[in-house]
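# pasted the sequence and its predicted model underneath.
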Amino acid sequence: MVSIFLRSLVFNILFYPVFIFWALVALPTLAMPRNALMRVANWWGQTNILLMRVICNIRVEYRGVEKIPKGPLIVAAKHQSMWETISLLHFFDEPFFVLKRELRRIPIFGLFLMKADMVAIDRSAGRRALMQVVRRASEEVKRGRQFVIFPEGTRRPPGAPPHYKAGVGLIYVDCGVPCLPVALNSGLFWPRNSFMRYPGTLVVEFLDPLPPGLPRDEFLSRVETAIEDATNRLVAAGEAEQAQLFGRVPQAAKA
């Protein structure tokens, strides 16, 4: 485990200079079309994946990429780690997220978020914030963009009971486009609130899209079942791999 600690230390030390480097590269894109900034963001994500492989011995595997529909879309992804907020952008032409309004006040970084035209909300506004998300999501999806949403609203550790929120159902009904469920096991290798980065195979699986037009309750049931069943399978495989590597599953990956 000493080796894993040292590898994690090196990765975390490099993470911030790498971010600063790509932020400097991205500065001229503030005067360019939005897709120029998104291209640099993708390069940043791919650089982190390379560092994960070289330094931490974390391999990333994508399954079901051929199932990703073209055009406007809702992408409902499991959320276990910071990793997917960086790396899922790579697969979509015009992606957008919901983010806290306060993030737009961060110097330079906030300018990038505004240029990327993400949806910023005041989370303390409760239902008013939810309705703002529904309205903006519908507007952006009708422009042909892909809305990447984490239905549980926050990161959940592997094995935690699911806690899906009703908001994704409202957005699905209002947007009238397919929904692509996404399962993953990133929390085993890049745990939330943890310094450690554990080796193994991080898997992202794009599942069968759900068609538009389903009743809201049926959609909510189907999207949760699809994501949770696949995620449980991926987590079990990842834990078996970790048990072989370490003789046990690291506690930080389950916290």
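Sure, I can see it. Numbers count the residues shown, from 1 in each chain.
# which strands or helices does the lengthiest helix in the chain pack on?
What stands out as the longest helix in the chain, according to DSSP state H, is helix 216-246. Under the contact criterion of 3 or more CB pairs under 8 Å, 6 or more residues apart in numbering; DSSP states H and E, helix 216-246 touches strand 73-77, helix 167-175, strand 179-184, strand 200-206. Where C-beta positions appear, they are placed from N, C-alpha and C, glycine not excepted.
# helix or strand with the lowest mean pLDDT in this protein?
strand 119-121 (a mean of 78; mean pLDDT, DSSP states H and E).
# parallel or antiparallel, list what pairs with that strand.
Looking at strand 119-121 with DSSP bridges, its partner strands are strand 98-100 (parallel).
# buried stuff in the partner strand?
Neighbour-count burial for strand 98-100, counted by 16 or more other CB atoms under 10 Å, picks out 98-99.
# shaky segments in this structure?
Confidence mapping of the chain against pLDDT under 70 gives the ranges 1, 123-126, 249, 251-255.
# helix, strand, or coil at residue 62?
Under DSSP: H, G, I helix; E, B strand; the rest coil, the three-state class of residue 62 is strand.
# for the closest residue to it other than its chain neighbours, grab the count of nearby residues.
Take residue 62 and drop its neighbours on the chain: the residue closest to it by CB to CB, 6 or more residues apart in numbering is residue 204, 5.2 Å away. Residues lying near residue 204 (other CB atoms under 10 Å) number 23.
# ok, now which ones touch residue 204?
60-63, 84, 87-88, 182-184, 186 (CB atoms under 8 Å, 6 or more residues apart in numbering).
# so which of the helices and strands packed on helix 216-246 is nearest residue 20?
strand 200-206 (24.6 Å; CB to CB).
# quick one, that closest one and strand 179-184 angle?
Orientation check (axes from the mean of the first three to the mean of the last three CA atoms, to 10 degrees): strand 200-206 against strand 179-184 gives 170 degrees.
# distance between strand 200-206 and the chain's centre?
12 Å (CA atoms, centre = their mean, to the nearest Å).
# that strand to strand 73-77, inter-axis angle?
Going by the same axes, to 10 degrees, strand 200-206 makes 150 degrees with strand 73-77.
# partner strands of strand 200-206, parallel or antiparallel?
In the sheet, strand 200-206 lines up with strand 58-63 (parallel), strand 179-184 (antiparallel) (DSSP bridges).
# may I see the buried residues of the first one?
So that's strand 58-63. Buried residues in strand 58-63 (16+ other CB under 10 Å): 58, 60.
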